[in-house]
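Participant: Model the following, please.
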Amino acid sequence: MRSVVKVNFLGGAGTVTGSKFLIETSECQIMVDCGMFQGLKELRELNWEDLPIDVNAIDVVLLTHGHLDHVGYLPRLIKQGFKGRILGTSPTLAIAEIILRDSGKIHEEEASRANKEKYTKHNPALPFYTVKEAEQTIKFFNSVPLDEWKNISENIKVRFQYNGHIIGATFIEIDINGKRFVFSGDVGRKNDYLLSDPKKPQWADYLFIESTYGNKLHPKQNVEDILTDLVNRSINVGGNLIIPSFAVERLQTLMYIFWKLYKQRRIPDIPVFIDSPMGNNVLHVFKNYPKWHKLPLSDYHAMCNHVNIVSSYKETWDTIDDRRCKVVIAGSGMVTGGRVLTYLQQLIDDPTTSVLLVGYQAEGTRGRQLLEGAHEIKFFGKYYPVKAQIEHIESLSAHADQGELLDWLGQIKNIPEQVYLIHGEPNALNAFRVKLQTVFKWAVKTPKLTDVEQLII
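Facilitator: Numbers count the residues shown, from 1 in each chain. The predicted structure is shown next:
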């Protein structure tokens, strides 16, 4: 007997952030990812609106991985009445715990600062969610193993498969009445410094695939040469190298590369400061889940011993006041919040400063503004002139580019009934749509926010 399945595109549709997809069936309701919007103001404002669905009816949330744009809306979901289970791999849930606690703390601090310094139109400014609400969310977490089908109702089962990108990340297969729905999550890359190559789906009746770099190939850059040159420039001009970094994976990768360059005597013993409470906690996830990455325990300890871990906000200011040339790796990766704002507030108007952007910069973020040559940047209600040298390494991205996405799809044995492009900006979505139609002759759609697809299966 054929049944109706509805797919609601509640985020990650027509934009990179806010991934949320609700599958409604006669047996249960499944949400895949539950992320925050980031970047453009009109998107961020959507975070404060209740979802246009019956949240109480959702039975389960499946998490592809632990990044904020995939898990950061969970506390709000629970506030709106969700009472089901949240499923993910053990390292994904460990990462999500860290990110939710840390971002809850940041939300509280930013609201307090905005109220104190009166640079907000809201009276009073409120945190998006609190640490207490983050702690409540974590109680809903249930871990699942890799590669094993798990029944979530009579005719629906799910499976999580390794996908690179960050530690714990997976793509998710959902079998509904014999039809396979595949959600790519964020697809990782081959030959990563720390992670194994992503697995590839073998069958997909309905495919939901990320398109972050659907219109690009990552440049063939020698990351180690670029970092060596930037360190030497900083030493020659007596300045600082500031690297806004995503706390999960990118920060650990950069730590590893700087340690490796020092060990190979390609750079001098320049002090490297790691200022990201979240990133420090993620290091423990690498230690606790050694089978999920390629870094030997001996290298892990040597890498950690090579850097200076900044553990308090007082130490942040001590680091800024340190007159030595140095490398500072601090959150956040798109310069939207976190400790890196304090460094840039103090140092971005200094021409001896270099700022290195090392990942995707979403529309509307300070990172995108810097990338596009902004002459001034706004922190904490004030503008600061940008005199620092702005650099970008795109090849350190944890997202597959167009060629790598095509390769990831290359082992699908059937012709999908429908492909949906998600998690991309309009230019990337359109370019990737044309490419898939040309290469595979597949039926491809680019859904918009709040679209609902009704499928008869």
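Participant: all contacts plus neighbour counts: C-alpha atoms, from now on.
Facilitator: Fine.
Participant: Now do the residue nearest to residue 83 when sequence neighbours are not counted against residue 453, distance only.
Facilitator: Excluding the flanking residues, the one nearest residue 83 by C-alpha to C-alpha, 6 or more residues apart in numbering is residue 56, at 6.7 Å. The gap separating residue 56 from residue 453 is 21 Å, by C-alpha to C-alpha, to the nearest Å.
Participant: List the residues that contact the residue nearest to residue 83.
Facilitator: 80, 81, 82, 83 (C-alpha atoms under 8 Å, 6 or more residues apart in numbering).
Participant: does it sit in a helix, a strand or a coil?
Facilitator: Under the three-state scheme (DSSP: H, G, I helix; E, B strand; the rest coil), residue 56 adopts helix.
Participant: Which pLDDT does the model give it?
Facilitator: Note on residue 56: pLDDT of 97.
Participant: same deal with residue 120?
Facilitator: pLDDT, residue 120: 69.
Participant: same check, this time on residue 36
Facilitator: pLDDT for residue 36: 97.
Participant: That one is in contact with residue 76, isn't it?
Facilitator: No - the criterion here is C-alpha atoms under 8 Å, and residue 36 misses it with residue 76 at 9.7 Å.
Participant: Who has more neighbours out of those two?
Facilitator: The neighbour comparison of residue 36 against residue 76 (other C-alpha atoms under 10 Å) goes to residue 36, with 25 against 22.
Participant: That one: what's it in contact with?
Facilitator: Shown in contact with residue 36 (C-alpha under 8 Å, 6+ apart): 17, 18, 19, 44, 47, 68, 69, 70, 71, 72, 73.
Participant: separation between it and residue 337?
Facilitator: Distance from residue 36 to residue 337, by C-alpha to C-alpha: 14 Å.
Participant: and what of residue 124?
Facilitator: For residue 124, the distance to residue 337 equals 20 Å [C-alpha to C-alpha].
Participant: likewise residue 8?
Facilitator: According to C-alpha to C-alpha, residue 8 and residue 337 sit 30 Å apart.
Participant: Quick check: pLDDT value at residue 336.
Facilitator: pLDDT recorded at residue 336 is 90.
Participant: what's the spacing between stretch 180-192 and its chain's center?
Facilitator: Distance of stretch 180-192 from the chain centroid (C-alpha atoms, centre = their mean, to the nearest Å) equals 13 Å.
Participant: Centre-most residue in this protein?
Facilitator: residue 67 (4.0 Å; C-alpha atoms, centre = their mean).
Participant: Contact partners for residue 145?
Facilitator: Taking C-alpha under 8 Å, 6+ apart as the test, what residue 145 contacts is 89, 90, 160.
Participant: nearest to residue 283, of those?
Facilitator: Closest approach to residue 283 among the contacts of residue 145 (C-alpha to C-alpha): residue 90, at 14.9 Å.
Participant: Please verify my assumption that the closest one contacts residue 167.
Facilitator: No - the pair residue 90 and residue 167 fails to qualify as a contact (C-alpha under 8 Å) at a distance of 9.9 Å.
Participant: In terms of neighbours, single out the busier of those two.
Facilitator: For residue 90 versus residue 167, the count of surrounding residues by other C-alpha under 10 Å is larger for residue 167: 29 against 20.
Participant: picking up where we left off before, could you flag which of the contacts of residue 56 are buried?
Facilitator: The neighbour-count test (16 or more other C-alpha atoms under 10 Å) applied to the contacts of residue 56 identifies 82, 83 as buried.
Participant: more neighbours, residue 124 and residue 337?
Facilitator: residue 337 (20 against 13).
Participant: I'd assumed residue 331 was in contact with that one.
Facilitator: Yes - between residue 337 and residue 331 there is a contact at 7.3 Å, judged by C-alpha under 8 Å.
Participant: wait, residue 347 sits on residue 353?
Facilitator: Yes - Residue 347 lies in contact with residue 353 (C-alpha under 8 Å); the separation is 6.5 Å.
Participant: between those two, what contacts are shared?
Facilitator: Common neighbours of residue 347 and residue 353, using C-alpha under 8 Å, 6+ apart, are residue 388.
Participant: Next, count neighbours for residue 121.
Facilitator: Neighbour count of residue 121, defined by other C-alpha under 10 Å: 9.
Participant: I'd like the distance between it and residue 248.
Facilitator: To residue 248, residue 121 is 33 Å away according to C-alpha to C-alpha.
Participant: Ok, residue 264 next?
Facilitator: Going from residue 264 to residue 248 by C-alpha to C-alpha gives 25 Å.
Participant: Just want to know which of these two has more residues nearby.
Facilitator: More neighbours surround residue 248 than the other of residue 264 and residue 248, with 25 against 10 (other C-alpha under 10 Å).
Participant: need the contact list for that one.
Facilitator: Applying C-alpha under 8 Å, 6+ apart, we find residue 248 in contact with 67, 95, 166, 167, 279, 282.
Participant: go on, residue 346?
Facilitator: Contacts for residue 346 (C-alpha under 8 Å, 6+ apart) come out as residue 320.
Participant: Output the one helix or strand it maps to as CSV, restricted to C-alpha atoms.
Facilitator: Residue 346 is part of helix 340-347 when elements are defined by DSSP states H and E. C-alpha atoms of helix 340-347 as CSV (Å, rounded to 0.1, in the frame of the first residue of the first chain):
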residue,chain,number,x,y,z
VAL,A,340,38.8,36.2,18.3
LEU,A,341,36.7,39.4,18.4
THR,A,342,38.8,40.7,21.3
TYR,A,343,42.0,40.1,19.4
LEU,A,344,40.7,41.7,16.3
GLN,A,345,39.2,44.7,18.2
GLN,A,346,42.7,45.4,19.5
LEU,A,347,44.9,44.4,16.5
